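[1] Have a look at this prediction, sequence included:
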Amino acid sequence: MALDEIDVKILNMLIANGRVSYTDIAKEVGMKPPSVIDRIKKLENDGIIYDYATRVDYKKLGYDIVAFVGVSIDNPVHLDNFELQLKTLDDDIVECYHVTGDFTLLLKVITKNTNTLASIIKKLRAFSGVINTNTILVFSTMLDKVHKV
């Protein structure tokens, strides 16, 4: 779908603040709120906007570990099974990417401590086809921004 300048402005406003009002968007783009609502609904129906999320400071909730776990799979036939097993694992695994490079998959984990991280890694290593994991702990986040259109 081709986006016009107004769609891009609307998207960028929603990316910056998912709670921005239709009225504020309408003022910014020079339209009436019902027209803005129609455009947003079209963006949703086209699958361009597929979710609205809240950003959370997990450290304030007691989740002291952010880690990336590289997982090496011995054969692509195990990927579907890995995906199914991953969905049954705990909620501390928040992202999973199929990647190029040294690993087959890269997982982002947000967990309470090194004990819970070790438990997750132990479970991952038991999945069929997993031949190696490599864990990278995050000391601090130097950049965390949303990508604008």
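    Done, it's in. Residues are numbered from 1 along each chain as shown.

[2] Quick one: residues contacting the residue nearest the centre of the chain.
    The residue lying closest to the centre of the chain (Cα atoms, centre = their mean) is Glu95, at 5.5 Å. Glu95 makes contacts with 107-108, as judged by Cβ atoms under 8 Å, 6 or more residues apart in numbering. In short, each C-beta sits where N, CA and C put it, glycine included.

[3] quick one: secondary structure of Leu79?
    helix (DSSP: H, G, I helix; E, B strand; the rest coil).

[4] about what we covered before: tell me if I am right that the residue nearest to the centre of the chain is in a helix.
    No - going by three-state DSSP, the assignment for Glu95 is strand, not a helix.

[5] any idea how far it is from Val146?
    15 Å (Cβ to Cβ, to the nearest Å).

[6] quick one: Asp91 from Phe68, how far?
    From Asp91 to Phe68 the distance is 17 Å (Cβ to Cβ).

[7] if we can go back for a sec, for the residue nearest to the centre of the chain, give the beta-bridge partners.
    Note on Glu95: beta-bridge partners Lys108, judged by DSSP bridges.

[8] Numbering from 834 from now on, please.
    With 834 as the first residue, the last one maps to Glu928.

[9] quick one: it from Lys978, how far?
    In terms of Cβ to Cβ, Glu928 sits 16 Å off from Lys978.

[10] Show me what the helix or strand bottoming out on mean pLDDT in the chain packs onto, helices and strands only.
    Lowest by mean pLDDT, DSSP states H and E among the helices and strands of the chain is helix 912-921, with a mean of 92. For helix 912-921, the packing partners by 3 or more Cβ pairs under 8 Å, 6 or more residues apart in numbering; DSSP states H and E come out as strand 898-906, strand 926-931.

[11] and of the ones you listed, who's closest to Thr974?
    Closest approach to Thr974 among the helices and strands packed on helix 912-921 is made by strand 898-906 (7.6 Å; Cβ to Cβ).
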